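Engineer: Here is a sequence together with a model predicted from it:
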Amino acid sequence: MRTPRLSLSVLVLACVLPALVYGALKASEGKVSFTCTGPGGLHIEGTSSELSVEARGEAVVVTVPLAPLATGIGLRDSHMHEKYLESKTYPTAELLVPRAGLQFPAEGQSVEATAPGTLSLHGTSKPVSVHYKASRHGGAYDVAGDVHIDMNDFNITVPSYLGIKVRPPVDIAVSFRLQET
């Protein structure tokens, strides 16, 4: 029972920035996932397809609502939202990436880079590095990114159930398509 962070939002934001620089775009086909591990091969993955991307000043902001994050096990999801993420108190995770830190692919090209960003999760904002890949084809950008966080950095209690405790590092991945509107 780990509490995957909405660091996924950070990934999404970093990937969306390039598209926002070129004009009004709409995010679709989005997916956010987090992975936590623990002893004895414990592997927990949570996913959601809900996210939004917007230009805010000189930054791109990716917002992920936490309530839709699901691991596929109801009791674990309840604990994740109530005890660890505290989704009612902290309903979203937000990744802010300055446009100046992003590389934008030309038509028919792709880029792979790392950008600085700020992830706000569980009432705490921390700098993060977002690794992303983006390609541009016919006015659409396909973006995939990942970020690695530590639950402790965001004041999230490390999940434990029946004496089994997940490790604090969480891998977050985001992918989406940005289409010009």
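Structural biologist: Right, received. Where do you want to start? Numbering: from 1, shown residues only.
Engineer: tell me which helix or strand of this structure sits lowest on mean pLDDT?
Structural biologist: Least confident helix or strand, the chain: helix 7-21 with a mean of 40, by mean pLDDT, DSSP states H and E.
Engineer: Give the next helix or strand downstream of that helix.
Structural biologist: Downstream of helix 7-21, the next assigned helix or strand under DSSP states H and E is strand 25-37.
Engineer: Just the C-alpha atoms of that following strand, please, in CSV.
Structural biologist: Output of strand 25-37 as CSV, limited to C-alpha atoms (Å, rounded to 0.1, in the frame of the first residue of the first chain):
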residue,chain,number,x,y,z
LEU,A,25,-3.7,22.6,-27.7
LYS,A,26,-5.9,20.0,-26.1
ALA,A,27,-4.5,17.0,-24.2
SER,A,28,-6.0,13.6,-25.0
GLU,A,29,-5.2,10.0,-24.6
GLY,A,30,-3.6,10.8,-21.2
LYS,A,31,-2.4,8.3,-18.8
VAL,A,32,-0.7,8.8,-15.4
SER,A,33,0.8,5.9,-13.5
PHE,A,34,2.9,5.4,-10.4
THR,A,35,4.9,2.4,-9.2
CYS,A,36,6.0,1.5,-5.7
THR,A,37,7.9,-1.5,-4.6
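Engineer: So what are the sheet partners of it and their directions?
Structural biologist: strand 43-48 (antiparallel), strand 169-180 (antiparallel) (DSSP bridges).
Engineer: Just checking the distance from the last one to the centre of its chain.
Structural biologist: Here strand 169-180 is found 6 Å from its chain centre; the criterion is Cα atoms, centre = their mean, to the nearest Å.
Engineer: list the buried ones in it?
Structural biologist: Using 16 or more other Cβ atoms under 10 Å as the burial criterion, the residues of strand 169-180 that qualify are 170-179. For the C-beta atoms, the positions are set from N, CA and C on the backbone; glycine is no exception.
Engineer: ok, now stretch 111-122?
Structural biologist: So stretch 111-122, judged by 16+ other Cβ under 10 Å, has buried residues 113, 115, 117-122.
Engineer: and what of stretch 57-70?
Structural biologist: Buried residues in stretch 57-70, defined by neighbour count with 16+ other Cβ under 10 Å: 59-66, 69.
Engineer: Closest to residue 154 out of the residues you listed?
Structural biologist: Closest approach between the buried residues of stretch 57-70 and residue 154, by Cβ to Cβ: residue 66, at 12.1 Å.
Engineer: got the contact list for the residue nearest to residue 124 when sequence neighbours are not counted?
Structural biologist: Sequence neighbours aside, residue 154 is the residue nearest to residue 124 in space, at 4.7 Å (criterion: Cβ to Cβ, 6 or more residues apart in numbering). Residues near residue 154 by Cβ atoms under 8 Å, 6 or more residues apart in numbering: 5, 119, 121-122, 124, 126.
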